[in-house]
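**Student:** starting from these lines, generate the structure:
(2 chains)
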Amino acid sequence: MSYSLTTLWFDRARYLPGVLAVGFSALLIALQFGLLIGLFSITSLPIDHSHADIWVGAPFVQSVDLGRPVRENYLARVQANPEVEKCEHYVQGFAYWTNPNGANGLCMVVGSRLFPDSMGKIAELSPDLAEKLTEPGSVVVDESDMDRLGIKGVGDSAEVNQAHVRVVGLTKGIKSLAGPYLFCSISTSQHLLRLTSEQFTYALGKCKDPQGAMTVVNRLTEQGGISAFTADDFSLKSRMHWLIKTKAGIALGYAALLGLLVGAVVTSQTLYAATAASMKEFAVLRAMGIPRWRLASLVMAQATWVGVIGVIFSIPAVHGLAALAEYAGGNVVLPIWLQVGACVVTLVMAVGSGVVALRSLRQVEPAMLLR
Amino acid sequence: MGVSQLQPSLEGRDLRRSFGVGEMRSVAVAGVSIKLYPGQFNLMMGPSGSGKSTLLAMLSGLLRPEQGHVISLAQDIWRMSEVQQEAFRLKHVGFIFQGYNLFGAFNAVQQLELVGCWGMGMSTSQSRKKAKQILDMLGLSKKKHLRPAEMSGGEKQRVAIGRALMKDPELLFADEPTSALDWAHGEQVIELLQTAAHERGATVLCVAHDSRIIPHADKVISLEDGMLKGVMHPEGNQGRPVSEEEAPRSSVTVLPGGEDESWNQERLGSRKYRTA
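**Tutor:** Down below sits the predicted model:
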């Protein structure tokens, strides 16, 4: 076993605070940002759970839930591109929900074609639910939103923008942010959002080859007077808009940074104290001419191992706590880039703490052994 | 005792060092000159505050003198740069201290192996092999895999000696190596230092308070109030041939204002010493 690992294992009680601090930092970063990504991935849910390659809307659209009414010519402009195989209408917008008890709240109306090959219909709308939505004024909501909507279940009625609606089905796992999602047909959504039959919110396009989506988007953007995005870009744009607009990202990022700072302080102090405790031993080696960089390499190796072990401990903890959050109704998304990023940032922090701890080596003077 | 024209392996010339400033300034070493030869076990003695440790520090390259020169293996070490001094110590110098100063996490083999790997550029396997040989020589064959907490004081000091011997140093400095030990263990340590001098040809300089070490020494250097009081060769201790400078007609160098026979008898007990 290497000298640094031997020392870490022998003095594990001494190094434990540093290891825990590193693990805690990694955990905090991953979970904070995982919560953030999970939170704002809700806003792009209609994009992520549907099948369109291209989304085209009114100019300067910032997020999928902030679309404005557009007309039939948008569909024609999308269809005019040779890469596009088919197009369809899509409606989305905020509305007011009034529950059976008269309480009001925001909701998000999402209207799409209901055929099995529809691009705008989310995957969670089963053929059975889609069939039920053909009834005018029918909506499907998520079971997690029943309390917010003030309903008991399927069959309950309410009002949306003073228009009567009936709940005909429930989905599972469709979380919402500002207001519960109400899935319905195009015609029902136009009625609820007070749009004419010629008006809709987005034109959706499906390409013969998904690689062609970017070409179509670039061409449509060059033509001007329009907002055009690939599905992935629009999903990211929607999430980033709410992340920045609400400053939630800044708040959680700040909290994660504080966690990193605390981790750095605890880890550097742990390493400093451990190095200081071996001052005389290091002084003997210096007296015998062992170069200072050799001693520094031991301290840095210890710092690196503290980082690696802390990160290893954090991985199951992150996944365990994320599962707990999901069980409690939260939404934690942990993409691989986030996990790797959290590990790398924390490892860099641990190594940086080692550099800070090196200042104790400057106090190693062999002559002190002879005083 | 035969006489030869050996050159000193370690020479201090008019070494001076003080500490503090202004009214708090105190002189630790006041113009001491000394010559040590290869293959000798030299003992430096004196009351507390006599400047022994300061002189040892200057001679070993750990503390810069305010005045004077230290010629070590024909090189003036205090004219070297810090990097050169470090390289010199790495190549030629071993140290043993009162407090053992062994890494608590490492077993006896690792304590020595570290010096081989980090100081001598050996591979781990080479260093480990040499470490085991030295520990066998020190009578620690069965203690190789013990950590300091599992060893007695004598065993720990022997490991510290082994660490110092890993580099086969020409110069070996020991500061109070037996102070923390009972005499049975302490005598073992002193015998090891003697062996390092007589059989390996090292120049050993040992600072100690214990007069029981005197019979083991080839030369006893006495300091008092930062000045050299005397240099004596215990009778019956063959030691190594010394230069004509030190060859007795008299084995006590009487310095101006130096000592007399009564001092010798008082300090050195019943052991006979040749005096002026």
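
**Student:** got a list of what the spatially closest residue to residue A:233 that is not a sequence neighbour touches?
**Tutor:** What sits nearest to residue A:233 in space, not counting adjacent residues and going by C-beta to C-beta, 6 or more residues apart in numbering or on different chains, is residue A:217, at 7.6 Å. Using the backbone N, CA and C atoms, a C-beta is placed for each residue, glycine as well. For residue A:217, the contact set (C-beta atoms under 8 Å, 6 or more residues apart in numbering or on different chains) comprises A:54, A:228, A:229, A:230, A:233.

**Student:** is residue A:217 located within a helix, as I assumed?
**Tutor:** Yes: for residue A:217, which was evaluated using DSSP: H, G, I helix; E, B strand; the rest coil, the result is membership in a helix.

**Student:** and the closest residue to chain A within the stretch 151-276 of chain B, how many neighbours?
**Tutor:** Among all residues of the stretch 151-276 of chain B, residue B:175 sits closest to chain A, at 5.5 Å; criterion: C-beta to the nearest C-beta. Other residues lying near residue B:175 total 22 when counted by other C-beta atoms under 10 Å in any protein chain shown.

**Student:** you'd agree it is up against residue A:368?
**Tutor:** No: at 11.7 Å, residue B:175 and residue A:368 do not qualify as touching, with contact defined as C-beta atoms under 8 Å.

**Student:** show me which residues of chain A sit near chain B.
**Tutor:** Applying the criterion C-beta under 8 Å from any C-beta of the partner chain, the portion of chain A that neighbours chain B consists of A:3, A:6-7, A:9-11, A:278, A:280-281, A:283-285, A:287-291, A:294, A:366-367, A:369-371.

**Student:** ok so, going back, what pLDDT is listed against the residue nearest to residue A:233?
**Tutor:** Predicted confidence (pLDDT) at residue A:217: the value is 96.

**Student:** over to residue B:270?
**Tutor:** On the pLDDT scale, residue B:270 is placed at 35.

**Student:** how about residue A:101?
**Tutor:** Predicted confidence (pLDDT) for residue A:101: 85.

**Student:** the one 5 residues further on too?
**Tutor:** Per-residue confidence for residue A:106 comes out at a pLDDT of 93.

**Student:** from residue A:98, how far off is it?
**Tutor:** Taking C-beta to C-beta, to the nearest Å as the criterion, residue A:106 is separated from residue A:98 by 11 Å.

**Student:** which one's more surrounded, the two?
**Tutor:** Between residue A:106 and residue A:98, counted using other C-beta under 10 Å, residue A:98 has the larger neighbour count: 19 against 13.

**Student:** the closest residue to that one other than its chain neighbours: what secondary structure?
**Tutor:** Taking C-beta to C-beta, 6+ apart, and ignoring the residues beside it in sequence, residue A:98 has residue A:159 as its nearest neighbour in space, at 4.2 Å. Taken by three-state DSSP, the conformation at residue A:159 corresponds to strand.

**Student:** which ones are touching residue A:159?
**Tutor:** Shown in contact with residue A:159 (C-beta under 8 Å, 6+ apart): A:97, A:98, A:165.

**Student:** the last one in helix, strand or coil?
**Tutor:** The assignment at residue A:165 comes out as strand when based on three-state DSSP.

**Student:** burial count for it?
**Tutor:** Neighbours of residue A:165 under the rule other C-beta under 10 Å: 26.

**Student:** now name the helix or strand holding residue B:192.
**Tutor:** Of the helices and strands defined by DSSP states H and E, residue B:192 is found in helix B:183-198.

**Student:** kindly export that helix (C-alpha atoms) in CSV.
**Tutor:** Coordinates of the C-alpha atoms in helix B:183-198 are reproduced here as CSV (Å, rounded to 0.1, in the frame of the first residue of the first chain):
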residue,chain,number,x,y,z
TRP,B,183,20.6,2.2,30.7
ALA,B,184,20.2,-1.3,29.4
HIS,B,185,18.6,-0.1,26.2
GLY,B,186,20.7,3.0,26.1
GLU,B,187,23.9,1.0,26.2
GLN,B,188,22.7,-1.0,23.2
VAL,B,189,22.1,2.2,21.3
ILE,B,190,25.6,3.5,22.2
GLU,B,191,27.2,0.2,21.1
LEU,B,192,25.4,0.6,17.8
LEU,B,193,26.8,4.1,17.3
GLN,B,194,30.2,2.8,18.2
THR,B,195,29.8,0.0,15.6
ALA,B,196,28.8,2.6,13.0
ALA,B,197,32.0,4.5,13.7
HIS,B,198,34.5,1.6,14.1
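
**Student:** buried set for that helix?
**Tutor:** For helix B:183-198, burial by neighbour count (16 or more other C-beta atoms under 10 Å in any protein chain shown) applies to B:185-190, B:192-198.

**Student:** and the two most separated of those?
**Tutor:** Greatest spatial distance among these (C-beta to C-beta): B:185 and B:198, at 20.4 Å.

**Student:** in the stretch 101-250 of chain A, which spans are strands?
**Tutor:** If you assign secondary structure with DSSP state E, counting those that start in this stretch, the strands in the stretch 101-250 of chain A sit at A:104-112, A:138-142, A:157-160, A:163-171, A:181-185, A:202-207, A:227-230.

**Student:** in TSV: the ones you listed, plus distance to residue A:38.
**Tutor:** As requested, the strands of the stretch 101-250 of chain A are exported to TSV (distance: least, C-beta to C-beta, whole Å):
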stretch	distance to residue A:38
strand A:104-112	18
strand A:138-142	16
strand A:157-160	27
strand A:163-171	18
strand A:181-185	16
strand A:202-207	24
strand A:227-230	22
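
**Student:** how many residues are close by the residue of the stretch 1-150 of chain A found nearest chain B?
**Tutor:** Using C-beta to the nearest C-beta, the point where the stretch 1-150 of chain A gets nearest to chain B is residue A:10, with a distance of 3.5 Å. The criterion is other C-beta under 10 Å. On that basis, residue A:10 has 16 neighbouring residues.

**Student:** and the helix or strand in which residue A:14 is found, which residues are buried?
**Tutor:** Element membership for residue A:14 (DSSP H and E) is helix A:12-41. Neighbour-count burial for helix A:12-41 flags A:15, A:18-41 (criterion: 16+ other C-beta under 10 Å).

**Student:** who's in contact with residue 134?
**Tutor:** The chain I'm using is chain A. With C-beta under 8 Å, 6+ apart as the criterion, the residues that contact residue A:134 are A:114, A:185.

**Student:** should've been chain B
**Tutor:** For residue B:134, the contact set (C-beta under 8 Å, 6+ apart) comprises B:112, B:162, B:165, B:166.

**Student:** pretty sure it sits in a helix.
**Tutor:** Yes: with three-state DSSP as the criterion, residue B:134 is part of a helix.

**Student:** so how far is residue A:198 from it?
**Tutor:** Residue B:134 sits 96 Å away from residue A:198 when distances are taken as C-beta to C-beta.

**Student:** same question, residue A:155
**Tutor:** As defined by C-beta to C-beta, residue A:155 lies at a distance of 33 Å from residue A:198.

**Student:** cool, and residue B:39?
**Tutor:** Summarising the geometry, the distance separating residue B:39 from residue A:198, computed by C-beta to C-beta, is 110 Å.

**Student:** more neighbours, these two?
**Tutor:** Set side by side, residue B:39 and residue A:198 show unequal neighbour counts under other C-beta under 10 Å, the larger going to residue B:39 at 20 against 12.
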